[in-house]
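Visitor: coords please:
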Amino acid sequence: MENLTETEFRVPTRNEVSQTNQEIFDNLNNVLGFVPNLYATIGYSDNGLKRFLDYQNAKTSLNNKEKEAVNLIVSQVNDCIYCQSAHLVLGKMNGFNDLQLLDIRKGRSENPKLNALVKLAADITLNRGKAKNENLKDFFAQGYTKENLVDLILQVSDKTAMNYLHNLTKVPVDFPLAATI
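Guide: Below is the predicted model of the structure:
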């Protein structure tokens, strides 16, 4: 057994988590081919992994590309290398190219609608739930609705939770490491 202090985190194995989490680990292995270290770390909580995955997988008015753009910019603002790395992979799986992903990490997009979403997500994250009126106006001017705003805030909260978890636990990144920009 490793000799870790209370504040040091090791990724728990399947045998070290609850029966419920073992079943979730098995499902993640079947779907993804592995259990991402950050999800495994949530396994320290008997109820946390199921609760988080239910929240993360809930229906939303944002499409997958929009969700990935939000996930990436929020992770960038929160300086979470784990989530930046993961969402670069997921962003490509959802149709972004390398240049588009780099632009999103820099808080912009050539697509005016996506640009408004990324700017507002970054502003909300940076300013802890507050945003410049011009970013909110641009978001609505690009065709987003109040439903989209609520779903954006929920997406920011989802990703912020994961960013904070990694920033505190510093478990190993098990995705190709995002380059520093």
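Visitor: mind listing what's buried along stretch 88-102?
Guide: Using 16 or more other CB atoms under 10 Å as the test for burial, stretch 88-102 gives 88, 90-91, 96, 100-101. Quick note: C-beta positions are derived from backbone N, CA and C, even for glycine.
Visitor: straight-line length of that stretch, end to end?
Guide: 9 Å (CA to CA, to the nearest Å).
Visitor: about what we covered before: can you tell me which of the buried residues of stretch 88-102 are in helices?
Guide: Of the positions in these, 88, 90-91, 100-101 sit in helices, assigned by DSSP state H.
Visitor: and the residue positioned nearest the centre of the chain, what does it touch?
Guide: Compute the mean C-alpha point of the chain, and by CA atoms, centre = their mean the closest residue is K159, 3.6 Å away. When contacts are counted by CB atoms under 8 Å, 6 or more residues apart in numbering, K159 touches 70-71, 74-75, 78, 83.
Visitor: any buried residues in whichever strand or helix holds it, and which?
Guide: If you go by DSSP states H and E, K159 is part of helix 146-169. By neighbour count on 16+ other CB under 10 Å, the buried set for helix 146-169 is 148-149, 151-156, 158-160, 162-163, 165-166, 169.
Visitor: quick one, domains of this structure?
Guide: Annotated domains of the chain cover 14-56, 64-169 [automatic domain parsing].
Visitor: what about the helices in this protein?
Guide: Counting by DSSP H, the helices of the chain are 19-32, 37-42, 48-56, 64-77, 81-93, 98-105, 112-126, 133-141, 146-169.
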